[in-house]
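Trainee: Just need the structure, nothing else, for what follows:
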Amino acid sequence: MAEYQGIVHTRSREIMSAWYDRLAVAAANNTPSAYLMISGNCVEILRSFDIEPAFPEVNALQLAIRKQSLPLILKAEEMGYSSDNCAYVKADAGYTFDEHGGPSEGKVPIPKLIVCNFVGCNVYIKWFEHCAAFLDVPLVMIDVPFLRTDDRPTAGDLKYVVSQLQRLIQTCEKLTGKKFDIDKLREICAYSARAGRGWARAKALCKNIPTPFDAYFDSINMMGPINVLRGTKDAADFFDAAVKEYEELVAAKQGVIPNEKFRVVIEGPPPYPFYRQFRDLFSAWGAVAVQSTYSTVGGIWEWGFEHDPKHPLESIAELMLVQNLCNRSLLQRYAQIKRYVEEWKADALVIHSVKSCRLFSAGQGDMRDYFSNQLGVPTLLVESDLEDPRYYAQAMMKNRIDAFFESLEHRKLLRKADAK
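Mentor: Residues are numbered from 1 along each chain as shown. Model prediction:
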């Protein structure tokens, strides 16, 4: 079953390829670059100093989707990394520490700075500490407290994170020899706000039946621009074009798949080494994801958050504290999924539990029980890994997914019969 392919996919590949080209240029010219995390990051500050951001997570993702990850994972395990360690970490460690070529045509540069914003997963602390030690690069650690309220940061937490961002600015000044320009940061934050509005609007369009894009599988094409390229004109323009295209699809009542039968919310990252096969298991049943939690690991824009050019540091800190999935408790994640199911009119919840990711996997059994038993939402839990191909069993995965949608189909038939 063929999915709709439009200009959004093409443009996403173009601007992400251009970013990789810039990384290659930075590597060749020894110009400033910095490692950064995806979750609740402060990329706008780096951009204000013309520091090119590089993301080890994106590097690991690209290695997996190109089926290049397993040799690097094995290399990291030979170096002493445990089989239970995050597979993202191991793939990137095997790549970085063994000096392999990059996942694109260029090469990911050795950074001049490593910025670790501790949001949710303490594995990242050791990952970035190892990178800093191996590459002999300065490490800036930003401690971000867990979300204490549902929608707003406390004044104390906001002040605490802003003070650390100010120290990061001082580090960037020393690294680049440039004076911090608040007006430049405001301009960058304005681009971030525009991109965020577009991303939120695109996701809201998935409330329509049929949905114009798959908010799990197709969201990967938009997570690059919103997380990696945020703060650039390219990202802002990309989301303007995406909204225009998806609004036209909604007006034409054209969905991402020809026959939308089931609307699902998906929790957890996809198995990138088998990304295409995994998607086909859903599209074969006419199932489309109308929302996903994974698409919010970098930030949650669909409920009104915007970067504020008038208060750039405070809004960056708010994104890090509040507006990202990884800094939320399990109960707050439950509430987020519940809202998705209700507002996006989903038929079911699908949980992809990732063996090597404790942040996402911990508590997912309880999550399944809560949604299926307490809320009456049909819930499927499957397990593999986002990076390590050894944990993906295609036949078993297909059997589980087929059985689940067979039961959903039967349930719909019974409801139709009762309605008559």
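
Trainee: Would you state the strands of this protein in chain order?
Mentor: For the chain, the strands defined by DSSP state E cover 33-35, 52-54, 113-118, 139-143, 262-267, 287-292, 348-354, 379-384.

Trainee: Near Gly156, how many other residues are there?
Mentor: Number of residues near Gly156 (other CB atoms under 10 Å) recorded here: 10. C-betas here are computed from N, CA, C, even on glycine.

Trainee: Begin at 43 from now on, thanks
Mentor: From this message on, residue numbering opens at 43, which makes the last subject Gly198.

Trainee: That one and Arg190, how far apart?
Mentor: Gly198 is 9 Å from Arg190, where distance means CB to CB, to the nearest Å.

Trainee: now, of the strands of the chain, which is deepest in the fold?
Mentor: strand 329-334 (a mean of 28; mean count of other CB atoms under 10 Å).

Trainee: What's the mean pLDDT across it?
Mentor: Per-region confidence: strand 329-334 scores 98 on mean pLDDT.

Trainee: same check, this time on stretch 163-178
Mentor: 89.

Trainee: How about residues contacting that stretch?
Mentor: For stretch 163-178, contacts defined as CB atoms under 8 Å, 6 or more residues apart in numbering pick out 77, 79, 81, 98, 127-128, 131, 134-135, 138-139, 152-153, 156, 158, 160, 179-181, 183, 368, 400-401.

Trainee: how about the strands of the chain, which one is nearest Asn415?
Mentor: Closest of the strands of the chain to Asn415 is strand 421-426, at 9.0 Å (criterion: CB to CB).

Trainee: quick check: angle from that closest one to strand 390-396?
Mentor: 20 degrees (axes from the mean of the first three to the mean of the last three CA atoms, to 10 degrees).

Trainee: Let me see the contact set for Pro151.
Mentor: Contacts of Pro151 were listed using CB under 8 Å, 6+ apart, and they are 65-66, 68-69, 72-73, 75, 94, 96.

Trainee: Once you drop chain neighbours, what's closest to it?
Mentor: In this structure, Pro151 finds its nearest non-sequential neighbour in Ala69, 3.6 Å apart by CB to CB, 6 or more residues apart in numbering.

Trainee: That neighbour and Ala96 touch, don't they?
Mentor: No. Taking CB atoms under 8 Å as the definition, Ala69 is not a contact partner of Ala96, at 9.4 Å.

Trainee: Dump the contacts of Pro151 to TSV, plus pLDDT.
Mentor: Formatted as TSV, those follow (pLDDT from 0 to 100):
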residue	pLDDT
Leu65	91
Ala66	89
Ala68	89
Ala69	86
Asn72	86
Thr73	90
Ser75	95
Glu94	95
Ala96	94
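
Trainee: what's the farthest-apart pair in these?
Mentor: Asn72 and Ala96 (13.8 Å).

Trainee: could you give the angle of the lengthiest helix in the chain to strand 390-396?
Mentor: Longest helix of the chain, by residue count under DSSP state H: helix 436-461. Angle of helix 436-461 versus strand 390-396, following the same axes, to 10 degrees, is 160 degrees.

Trainee: In helix 436-461, which residues are buried?
Mentor: Buried residues in helix 436-461, counted by 16 or more other CB atoms under 10 Å: 439, 442-443, 446-447, 450.

Trainee: Out of those residues, which comes closest to Phe316?
Mentor: For the buried residues of helix 436-461, the nearest to Phe316 is Met439 (8.3 Å; CB to CB).

Trainee: what pairs with the nearest residue to the closest one once chain neighbours are set aside across the strands?
Mentor: Nearest residue to Met439, sequence neighbours excluded (CB to CB, 6+ apart): Val424, at 6.0 Å. Per DSSP bridges, the residues bridged to Val424 are His394.

Trainee: Against Phe324, how distant is Val424?
Mentor: The value you get for Val424 to Phe324, if CB to CB is used, is 11 Å.

Trainee: Tell me which of the strands of the chain lies nearest to Phe316.
Mentor: strand 421-426 (7.6 Å).

Trainee: how far out from the middle of the chain is the closest one?
Mentor: Centroid separation for strand 421-426 versus its chain: 19 Å, with CA atoms, centre = their mean, to the nearest Å.

Trainee: what does stretch 364-381 give?
Mentor: Here stretch 364-381 shows a centroid-to-chain-centroid distance of 14 Å under the convention CA atoms, centre = their mean.
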